[in-house]
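In: Provided below for reference: sequence and predicted model.
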Amino acid sequence: MAHSQQTAPFDYVIFGATGDLTMRKLLPALYNQLRIGHVPEEARIIGTARSSLSREDYITRAREALETFLPAQHRDEALIERFLKKIHYVTLDGTKSDHNWDELKAVLDQSPADRIRVFYYSTAPQLFEAISENLHRFGFITPHSRVVLEKPIGTDSASARAINDGVSRFFEEGQIFRIDHYLGKETVQDIIALRFANPLFSAVWSAEHIQSIQITAAETVGVEGRAAYYDTSGALRDMIQNHLLQVLSLCAMEAPADLEADTVRDAKVNVLKALRPIPEDKVASETVRAQYVKGDMNGKPVPGYLEELGEDSHTETYAVMRAYVDTPRWKDVPFYIRTAKRSTKKVSEVVVTFRKSASALFGTSAATNRLVIRLQPDEGFGLALNIKNPSAAGFELQHGTMSGKFAPADGSLIPDSYERLMLDAVRGYPALFIRRDEVEAAWAWVEPTLKTWAANKVPMAHYAAGSYGPEEARRFIATTGDAWHEDMAD
Ligand SMILES: NC(=O)C1=CN([C@@H]2O[C@H](COP(=O)(O)OP(=O)(O)OC[C@H]3O[C@@H](n4cnc5c(N)ncnc54)[C@H](OP(=O)(O)O)[C@@H]3O)[C@@H](O)[C@H]2O)C=CC1
Ligand SMILES: O=C1O[C@H](COP(=O)(O)O)[C@@H](O)[C@H](O)[C@H]1O
């Protein structure tokens, strides 16, 4: 995935520029890239939304966002001023052809015709086709244009196909960049480095040596201000269909011949297509869904999901699925995929449990080797090993852990995933974006579970906010002889 850090001058046109995502992630990401010298002087950011705002009004909001969301060590008043000068704002309803497109044209026409244009759709996906159609109608889509699509790409296979078809009427697949911000995480890319740059792991990365793999993304937050979206989505659609299946495909893919975008994406989609289907009559035994009820977080009482929502709901805030990748490499190895809101602690990690040593030398005293790839926070890895207990009189084993940090060599902070992704879209570098067939294969696999859950054929379990999850999940993983990482001895 080596590529140049240099970026040509660009115009970044953000639809949804007044929204939460733009303020919290997109503007800080572009600022940081300017700070480290990856944004050329000519680059401009053109925010658009329906809200009627002057450029000054918008810049005031953008300044507040940077002051709120930039890490303190990155804030630099002079640089913030330089960044804000790049920003324009056009009041525009992207779905209406009789709106303010002339004003957007006037701003874009100030740049040369071959200027790279990135259209970032930070809006609900139902708007994507209409915005694309208007961009086409008014001649904004040039050969140097790309479009970035925010998640969710649909709520099931049919709606994902409709969104993809809608955008594809106006953009070539090579111009479409579907965001999965987990792929922009440096630590997620570390899965590739650990697996393929270390013979230590590549030699044992198969069913012969691996007993199971757990992939967890747990959060302490609830649904915050996004209840309206979340309640129509739920944990499976929000986290598993996209982020966690991407992590799974990086863990399970065959070695790609090179790190070109399509070679890696081919390898990933092969995994998604090899996922053993979970038919509707198996959903109850292969998945767990749950909702948090009131509990305690850091000693403070927090309400349950239904109380936060203010109404009844069958939306899950916790989801577990057991996946099998039906390839010779992964014969019958369970992959446990788990996500939770209002969990005990925030942690995203991959836990690889190796099979027990076959050597008779130490009897049953040798523990299993375990590799923990900590995606966030405390980014790094730990490898649990058996070593000799030096204080024992005879020959006794004890557990030792070899660990390392995923940290930039120059001591700087790990960049936020949006920094890498937003600039990769400018560079036209799609390796860390999801191809259409990946999105659709992922929906196809989760769909029977979604349907079965929607029909309430699987009981909704409950867990206290601030806990690791429901008791049902503990019983579930034990049925295949495993335990969750937090319940393990080491
Ligand atoms: N927030 C987050 O952390 C994440 C968000 N996402 C996704 O990103 C997208 C945006 O999320 P978020 O920022 O939270 O949502 P918000 O509701 O905060 O923002 C939506 C934005 O879209 C604009 N908008 C709505 N309708 C139109 C229209 N017809 N034409 C132009 N602009 C329009 C709104 O402005 P106005 O009303 O002024 O038009 C606003 O700027 C969603 O699809 C979300 O699922 C994905 C991952 C994380
Ligand atoms: O896409 C989403 O991701 C976040 C979690 O992202 P992370 O980088 O903090 O792990 C999640 O909170 C949100 O619900 C979901 O839409």
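Out: Received, thanks. Numbering: from 1, shown residues only. Ligands and ions are numbered 1, 2, ... in the order given.
In: Residue of this structure closest to ligand 2, please.
Out: Closest contact between the chain and ligand 2, by C-beta to the nearest ligand atom, is at Asp238 (4.7 Å). For every residue, glycine as well, the C-beta is placed using N, CA and C.
In: burial of that residue, as a residue count?
Out: Neighbourhood size, Asp238 [other C-beta atoms under 10 Å]: 23.
In: repeat for Lys341
Out: Using other C-beta under 10 Å, Lys341 has 22 neighbouring residues.
In: Leaving out chain neighbours, which residue sits closest to it?
Out: Thr317 (4.3 Å; C-beta to C-beta, 6 or more residues apart in numbering).
In: tell me the phi and psi of the one you found?
Out: The phi/psi pair for Thr317 (degrees, to the nearest 10) reads phi -110, psi 0.
In: My read is that it contacts Ser343, right?
Out: No. Counting by C-beta atoms under 8 Å, Thr317 stays clear of Ser343, with 9.6 Å between them.
In: contacting residues for the residue in the stretch 251-400 of the chain positioned nearest to ligand 1?
Out: Using C-beta to the nearest ligand atom, Lys341 is the residue of the stretch 251-400 of the chain that sits closest to ligand 1, at 13.3 Å. Taking C-beta atoms under 8 Å, 6 or more residues apart in numbering, we find Lys341 in contact with 219, 221-223, 235, 292, 305, 317-318.
In: ok, now Pro71?
Out: Taking C-beta under 8 Å, 6+ apart, one finds Leu413 in contact with Pro71.
In: and it, what pLDDT?
Out: Model confidence at Pro71, given as pLDDT, is 92.
In: for the one 5 residues further on, same thing?
Out: For Asp76, the model assigns a pLDDT of 96.
In: Dihedrals phi and psi, it?
Out: phi -150, psi 110.
In: which residues does it contact?
Out: Contacts of Asp76 by C-beta under 8 Å, 6+ apart are Arg35.
In: three-state assignment of the residue nearest to the spatial centre of the chain?
Out: For the chain, the residue nearest the mean C-alpha position is Tyr182 (2.8 Å; C-alpha atoms, centre = their mean). Under DSSP: H, G, I helix; E, B strand; the rest coil, the three-state class of Tyr182 is coil.
In: Surely it and Ser417 touch.
Out: Yes. Using C-beta under 8 Å, Tyr182 is in contact with Ser417, at 7.1 Å.
In: Is Val320 bridged to anything, and to what?
Out: Val320 forms beta bridges with Val288, Arg338, as assigned by DSSP bridges.
In: Just give me the neighbour total for it.
Out: Neighbours of Val320 under the rule other C-beta under 10 Å: 28.
In: Now do the same for it: its pLDDT.
Out: pLDDT for Val320: 98.
In: Spit out the contact partners of it.
Out: 287-289, 336-338, 469, 473, 476-477.
In: With Ala17 instead?
Out: Contacts of Ala17 (C-beta under 8 Å, 6+ apart): 47-49, 58, 89, 122.
In: Near ligand 1, list only the ones from those residues.
Out: Restricting the contacts of Ala17 to those near ligand 1 by C-beta under 6 Å from any ligand atom leaves 49, 122.
In: can you count the residues close to the closest residue to His136 other than its chain neighbours?
Out: Nearest in space to His136, with sequence neighbours left out and distances taken as C-beta to C-beta, 6+ apart, is Phe170 at 4.3 Å. Per other C-beta under 10 Å, the neighbour tally for Phe170 reads 21.
In: where does Phe170 land in three-state SS?
Out: Classification of Phe170 by three-state DSSP places it in coil.
In: Just the element for the closest residue to ligand 1 within the stretch 201-350 of the chain, please.
Out: In the stretch 201-350 of the chain, the residue that lies nearest ligand 1 is Tyr229 (5.6 Å; C-beta to the nearest ligand atom). Using DSSP states H and E, Tyr229 maps to helix 227-233.
In: Against which helices or strands is whichever strand or helix holds Arg195 packed?
Out: Using DSSP H and E, Arg195 sits within helix 186-197. Under the contact criterion of 3 or more C-beta pairs under 8 Å, 6 or more residues apart in numbering; DSSP states H and E, helix 186-197 touches helix 199-202, helix 245-252, strand 370-376.
In: With distance to ligand 2 as extra columns, can I get the ones you listed in TSV?
Out: Below are the helices and strands packed on helix 186-197 laid out as TSV (distance: least, C-beta to the nearest ligand atom, whole Å):
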stretch	distance to ligand 2
helix 199-202	24
helix 245-252	11
strand 370-376	6
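In: Adding mean pLDDT and mean neighbour count, write the ones you listed out as JSON lines.
Out: Formatted as JSON lines, the helices and strands packed on helix 186-197 follow (pLDDT from 0 to 100; neighbours: other C-beta atoms under 10 Å):
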{"stretch": "helix 199-202", "mean pLDDT": "95", "mean neighbour count": "12"}
{"stretch": "helix 245-252", "mean pLDDT": "98", "mean neighbour count": "25"}
{"stretch": "strand 370-376", "mean pLDDT": "96", "mean neighbour count": "21"}
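In: Just send these back as TSV, with distance to Leu26 too.
Out: Output for the helices and strands packed on helix 186-197, formatted as TSV (distance: least, C-beta to C-beta, whole Å):
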stretch	distance to Leu26
helix 199-202	35
helix 245-252	20
strand 370-376	19
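In: Nearest to Thr18, out of those?
Out: Nearest of those to Thr18, taken as C-beta to C-beta: strand 370-376 at 27.8 Å.
In: Model confidence at Arg226, what's the number?
Out: 84.
In: Can you tell me the closest non-neighbouring residue to it?
Out: Arg226 sits nearest to Asp20 (C-beta to C-beta, 6+ apart), 7.8 Å away.
In: Can you list the buried residues in stretch 107-117?
Out: 107-108, 111, 115-117 (16 or more other C-beta atoms under 10 Å).
In: Sitting in helices, which of those do you find?
Out: Among the buried residues of stretch 107-117, DSSP state H puts 107-108 in helices.
In: which among the buried residues of stretch 107-117 gets closest to ligand 1?
Out: Ligand 1 lies nearest to Val107 out of the buried residues of stretch 107-117, by C-beta to the nearest ligand atom, at 15.4 Å.
In: gap between the residue nearest to that closest one when sequence neighbours are not counted and Ser168?
Out: Distance criterion C-beta to C-beta, 6+ apart; nearest residue to Val107, sequence neighbours excluded, is His88 at 5.2 Å. From His88 across to Ser168, the span is 28 Å (C-beta to C-beta, to the nearest Å).
In: In terms of neighbours, single out the busier of the two.
Out: When neighbours are counted by other C-beta under 10 Å, His88 and Ser168 differ, and His88 comes out ahead with 22 against 15.
In: bridging residues for that one?
Out: Here His88 sits in beta bridges with Ile46, going by DSSP bridges.
In: all numbers from here: first residue = 584
Out: Sure, I'll start counting at 584 from here, so that last one is His671.
In: State the pLDDT value of it.
Out: Note on His671: pLDDT of 98.
In: Please tell me I have it right and it contacts Leu636.
Out: No. If you go by C-beta under 8 Å, His671 and Leu636 don't touch, sitting 11.3 Å apart.
In: Which residues are in contact with Phe652?
Out: 606-608, 610-611.
In: Mind putting those into CSV with pLDDT, neighbour count and distance to Val854?
Out: Shown next, in CSV, are the contacts of Phe652 (pLDDT from 0 to 100; neighbours: other C-beta atoms under 10 Å; distance: C-beta to C-beta, whole Å):
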residue, pLDDT, neighbour count, distance to Val854
Met606, 98, 19, 35
Arg607, 96, 15, 31
Lys608, 97, 20, 28
Leu610, 98, 26, 35
Pro611, 98, 23, 33
